[in-house]
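Undergrad: sequence and computational prediction follow.
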Amino acid sequence: MNFHRILSALFLIAACALPVCANAQNDLIKTSQARPVVTTEQVRAELLAWAPEGVEPGKPVWLGLQLAHQPEWHTYWKNSGDSGLPTMLEWQLPAGVTAGEIAWPTPRKIPIGTLANYGYEGTVLLPVPLTVAPGFNAAQLDVKLKAAWLVCRKECIPQEGEFTLSLPARGSTAASGALFQAAFDATPKPLPTGGSQIEVSGKALKVSLAGLPAALQGKTLALFPETAGIIEPAAPWRQEWQGALWTAELPLSAQRTDSPARLPLVVALGDAAWRIDAPVSGDWPAAASVAVVSPALQAALKANAAAPAAPIQPGQPPLGLLAALLGALLGGLILNLMPCVFPVLAIKVVGFASQKSQAARLTSGLAYSAGVLLSFLALGALLLGLRAAGDQLGWGFQLQNPAVVAALAALFTLLGLNLAGLFDFGVILPSRVVNLQAKNPSVNAFLSGVLATAIASPCTAPFMGASLGYAVGLPALQALAVFGAIGIGMALPYLAASALPAVARALPRPGAWMVTFKQLMAFPMFATVAWLVWVLGQQSGIDGAGALLALLVLLALAVWSFSLRGTARRAIATVSVALCAFAIWAIGPNIIKPVIPPAAAASARWQDWQPGRVEQLAAQGQSVFVDFTAAWCVTCQYNKKTTLANADVLADMDAKNVALLRADWTRRDPAVTKALAELGRSGVPVYVFYKPGRAPVVLSEILSVSDVRAELAKL
């Protein structure tokens with residue numbers, strides 16, 4: 001196979017697809033219906049603004065998210081208490097305008113069983129000040145906000161919304177002035193430190209506040225620490241007045257993991273509140289030693305807890321570097337058995353039959369191995385670089401992009417048609433490219449390795465999931481060593497075959513059988529195309545899969561037309577290329593247009609995984625099984641059709657009342673990527689049992705009925 005020529009053809013296909021990507025991106029922007037109000041069954045959220053003197057430097061400009069809760073529902077303060085998560089605001093503002101922090105109104109204590117939260121019921125406005133830099137002279141201020149909040153009653157529901165608002169820069173925006181003024185009045189007023197003191201004494205926090213209004217003397221006050229995890233919100237505590245000095249003694253949390261030097265506190269009586277940010281004197285007791293997967297997971301697991309949760313730890317002990325390297329090496333070996341990789345390897349090995357020179361075979365083996373190894377190192381470096389830049393990516397990220405899936409489908413279609421004998425690349429490519437490949441056969445082998453890596457790397461084989469998850473947290477050089485070990489493992493069979501003369505002597509002699517074998521290998525290539533079309537259908541829907549199939553048919557017509565002889569070649573080739581170009585313009589955008597499957601698409605038994613859903617179910621005392629999967633993961637599909645569809649396994653799940661969640665990673669999903677990273681994984685499949693009060697248990701990537709049933713028996 002002339003892989004050098006194939007690469008040139010792929011570049012041509014990618015160049016033709018660029019307008020398609022641009023059109024699809026424009027479609028996404030046009031169909032986004034962000035607005036200033038988002039309404040759910042539990043909350044009405046509205047973006048409000050107050051700029052009475054216009055949007056100018058030095059003038060008051062405020063934005064705010066107003067949350068109107070249905071009865072019995074609530075959201076959370078900056079310190080949510082024993083459970084919950086605070087509302088998060090992510091702003092997009094023009095240059096010269098910056099947003100400050102939320103001026104949090106005073107919350108109220110919300111008891112939940114033996115716990116207590118801090119949050120808001122009814123209607124609350126979360127105001128945010130804007131700073132307008134000198135020189136800002138736009139005619140209007142365009143605001144975009146992405147907000148996320150957790151709304152709870154007995155159950156908790158994570159929700160989010162996107163909001164837009166435009167304010168005139170020179171005019172007054174004051175219609176919501178009364179609402180903002182009410183929010184300002186509900187914001188704690190600063191209390192001078194003066195004679196106030198915050199002291200740690202044994203296992204208690206002692207607070208003495210001076211300078212509170214005289215009208216408060218003798219009244220019972222509420223206290224809210226802004227730092228989470230310091231005290232037990234629901235525990236009883238003492239307070240008293242000593243003349244004008246208010247004192248309180250609160251028990252420290254048994255699960256405290258922080259020892260701050262300063263501790264901001266809010267004290268309140270009804271709607272009136274005061275805030276003090278004072279240094280802490282005394283010696284903090286030793287903080288609890290709590291091993292958690294990550295701070296983000298620890299915070300998420302608090303949400304809607306019905307009882308104090310046990311610390312969450314990884315389901316398996318951490319790997320050492322040597323174990324990770326060995327696991328990666330073994331995983332790379334197993335990748336050669338993937339259906340899309342084996343034909344490439346088989347054709348290359350059989351190619352030895354036509355090479356009489358041991359030196360030529362060894363050169364070819366080294367070139368192939370170099371292609372595999374360098375490709376894995378390049379993919380690993382790209383993954384590490386993008387993650388360091390803040391992108392939530394995991395192993396196999398290339399197949400999360402529909403454009404890459406479509407390009408690979410086109411490439412494998414060309415390979416299959418070439419192997420079947422429909423056309424020869426030498427007919428459609430310039431003679432300079434053909435001569436270059438003939439003079440440099442090692443380029444062919446090198447690009448074979450690149451191709452095999454591109455299509456095989458997303459298939460996380462056994463023993464490789466833990467190695468990759470461990471690798472992404474290592475220093476760059478050690479992480480790249482793990483990725484390199486995968487490449488060495490995958491290249492070893494071909495390298496051994498090229499280096500050992502006994503293998504070459506065992507191969508059949510060249511003959512007519514090689515033509516038959518070449519044509520036979522076209523069918524695994526077409527099977528790979530069918531798989532890639534199915535993957536794209538999961539990402540872009542039936543319209544996307546249909547558009548790709550139509551384009552592949554036209555691509556086949558185009559390459560066939562260039563192989564014709566005589567006067568008909570030019571006319572047919574011109575028409576076929578024109579049809580291909582028209583199809584790319586007309587239906588190509590459907591290939592990369594995202595689709596959101598309905599919530600019940602998986603089955604009545606399986607639910608869609610959502611951030612916070614596991615914690616919500618665990619808080620209700622229910623065990624949870626999560627299947628982290630993707631359409632492009634062959635191992636995932638095998639496990640899904642065998643073990644996860646096994647009648648005995650499903651019966652045991654029902655008997656134990658285990659909730660089944662499916663986290664789909666077919667398209668890039670930062671939330672799923674983050675959840676995988678917190679489990680010490682960077683690719684799929686991953687299978688996890690969550691049991692209330694216990695650490696999550698991560699099962700093997702290759703599921704067996706006996707393993708799953710054995711774990712279920714422990715519930």
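TA: Nice, thanks for sending it over. Numbering: from 1, shown residues only.
Undergrad: which residues does the nearest residue to residue 262 once chain neighbours are set aside contact?
TA: Distance criterion C-beta to C-beta, 6 or more residues apart in numbering; nearest residue to residue 262, sequence neighbours excluded, is residue 279 at 5.3 Å. Bear in mind the C-beta positions are built from the backbone N, C-alpha and C, glycine included. Going by C-beta atoms under 8 Å, 6 or more residues apart in numbering, residue 279 touches 198, 261, 262.
Undergrad: which ones are touching residue 575?
TA: Contacts of residue 575 (C-beta under 8 Å, 6+ apart): residue 561.
Undergrad: give the pairing partners of the helix or strand harbouring the residue nearest to residue 262; include direction for each.
TA: Using DSSP states H and E, the element containing residue 279 is strand 272-281. Here strand 272-281 is paired, per DSSP bridges, with strand 189-190 (parallel), strand 197-201 (parallel), strand 262-269 (antiparallel).
Undergrad: can these go into CSV with extra columns for distance to residue 588?
TA: Putting those into CSV (distance: least, C-beta to C-beta, whole Å) gives the following:
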stretch, distance to residue 588
strand 189-190, 59
strand 197-201, 64
strand 262-269, 55
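Undergrad: got JSON lines for those, with mean neighbour count too?
TA: As requested, the strands paired with strand 272-281 are exported to JSON lines (neighbours: other C-beta atoms under 10 Å):
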{"stretch": "strand 189-190", "mean neighbour count": "12"}
{"stretch": "strand 197-201", "mean neighbour count": "18"}
{"stretch": "strand 262-269", "mean neighbour count": "19"}
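Undergrad: among those strands, which comes closest to residue 621?
TA: Residue 621 lies closest to strand 262-269 among the strands paired with strand 272-281, at 33.3 Å (C-beta to C-beta).
Undergrad: does residue 490 count as helix, strand or coil?
TA: helix (DSSP: H, G, I helix; E, B strand; the rest coil).
Undergrad: returning to that earlier point: which one of the contacts of residue 279 is nearest residue 47?
TA: Using C-beta to C-beta, the contacts of residue 279 come closest to residue 47 at residue 262, 32.8 Å.
Undergrad: pretty sure the closest one contacts residue 277?
TA: Yes - between residue 262 and residue 277 there is a contact under C-beta atoms under 8 Å: 6.0 Å.
Undergrad: and the gap between residue 704 and residue 648?
TA: Applying C-beta to C-beta, to the nearest Å, the value for residue 704 to residue 648 is 12 Å.
Undergrad: for residue 279, same thing?
TA: Counting by C-beta to C-beta, the gap from residue 279 to residue 648 is 62 Å.
Undergrad: for residue 228, same thing?
TA: Distance of residue 228 to residue 648, given as C-beta to C-beta: 44 Å.
Undergrad: out of these two, which sits in the more crowded spot?
TA: The residue with more neighbours, out of residue 228 and residue 648, is residue 228; 21 against 13, by other C-beta atoms under 10 Å.
Undergrad: what about the nearest residue to the more buried one once chain neighbours are set aside, which helix or strand?
TA: Spatially, and ignoring its direct neighbours in sequence, residue 228 is nearest to residue 79 (4.6 Å; C-beta to C-beta, 6+ apart). Following DSSP H and E, one finds residue 79 within strand 75-81.
Undergrad: each with direction, which strands does that strand pair with?
TA: strand 115-120 (antiparallel).
Undergrad: could the C-alpha coordinates of the partner strand be exported in PDB?
TA: Extracted in PDB, the C-alpha atoms of strand 115-120 (Å, rounded to 0.1, in the frame of the first residue of the first chain):
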ATOM      1  CA  LEU A 115     -27.200  18.300  59.300                       C
ATOM      2  CA  ALA A 116     -27.600  22.000  58.400                       C
ATOM      3  CA  ASN A 117     -26.900  24.000  55.300                       C
ATOM      4  CA  TYR A 118     -26.600  27.700  54.600                       C
ATOM      5  CA  GLY A 119     -28.600  29.000  51.700                       C
ATOM      6  CA  TYR A 120     -31.600  30.900  50.300                       C
END
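Undergrad: who touches that strand?
TA: If you take C-beta under 8 Å, 6+ apart as the criterion, strand 115-120 is touched by 67, 69, 74-77, 79-84, 105, 107-110, 152, 224, 233-234, 305-308.
Undergrad: how about a cut-off of 7 Å?
TA: With contacts defined as C-beta atoms under 7 Å, 6 or more residues apart in numbering, strand 115-120 is touched by 67, 74-77, 79-84, 107, 109-110, 224, 233-234, 305.
Undergrad: surely residue 358 meets residue 502?
TA: No - shown here, residue 358 and residue 502 do not form a contact pair, counting by C-beta atoms under 7 Å, at 11.3 Å.
Undergrad: quick one: which of the two has more around it?
TA: residue 358 (14 against 7).
Undergrad: enumerate every residue touching the closest residue to residue 640 other than its chain neighbours.
TA: Counting by C-beta to C-beta, 6+ apart, residue 640 lies nearest to residue 629, which is 6.7 Å off, once chain neighbours are set aside. Residues near residue 629 by C-beta under 7 Å, 6+ apart: 636, 640, 662, 664, 665, 684, 685.
Undergrad: who does residue 629 bridge with?
TA: Applying DSSP bridges, one finds that residue 629 bridges with residue 664.
Undergrad: try residue 608
TA: Where residue 608 sits in a bridge, its partners, by DSSP bridges, are residue 662.
Undergrad: how many neighbours does residue 605 have?
TA: 11.
Undergrad: tell me the pLDDT of it.
TA: For residue 605, the model assigns a pLDDT of 78.
Undergrad: same thing with residue 246?
TA: pLDDT, read off for residue 246, is 92.
Undergrad: and it, how far is that from residue 106?
TA: Taking C-beta to C-beta as the measure, residue 246 falls 16 Å from residue 106.
Undergrad: same question for residue 684.
TA: 45 Å.
Undergrad: when those two are compared, which one has more neighbours?
TA: residue 684 (28 against 24).
Undergrad: the more buried one belongs to a strand?
TA: No - counting by three-state DSSP, residue 684 is not part of a strand but coil.
Undergrad: pretty sure it sits against residue 633.
TA: Yes - shown here, residue 684 and residue 633 form a contact pair, counting by C-beta under 7 Å, at 5.0 Å.
Undergrad: what stretches of the stretch 151-300 of the chain score poorly on pLDDT?
TA: 255-257, 286-300 (pLDDT under 70).
Undergrad: all strands for it, in order.
TA: Using DSSP state E, counting those that start in this stretch, the strands of the stretch 151-300 of the chain run over 156-168, 189-190, 197-201, 204-209, 222-225, 238-242, 245-251, 262-269, 272-281.
Undergrad: what lies in contact with the fourth one?
TA: Right, strand 204-209. Applying C-beta under 7 Å, 6+ apart, the contact partners of strand 204-209 are 191, 196-199, 230-231, 245-252, 265, 267, 276.
Undergrad: are any of the residues you listed buried, and which?
TA: 191, 196-199, 230-231, 245-246, 248, 250, 252, 265, 267, 276 (16 or more other C-beta atoms under 10 Å).
Undergrad: so which of those residues comes closest to residue 408?
TA: When the buried ones among the contacts of strand 204-209 are ranked by distance to residue 408 (C-beta to C-beta), residue 230 comes first, at 53.1 Å.
Undergrad: tell me the helix or strand right after the helix or strand where residue 375 lies.
TA: Using DSSP H and E, residue 375 maps to helix 358-388. Where DSSP H and E defines the elements, the next helix or strand beyond helix 358-388 is helix 402-420.
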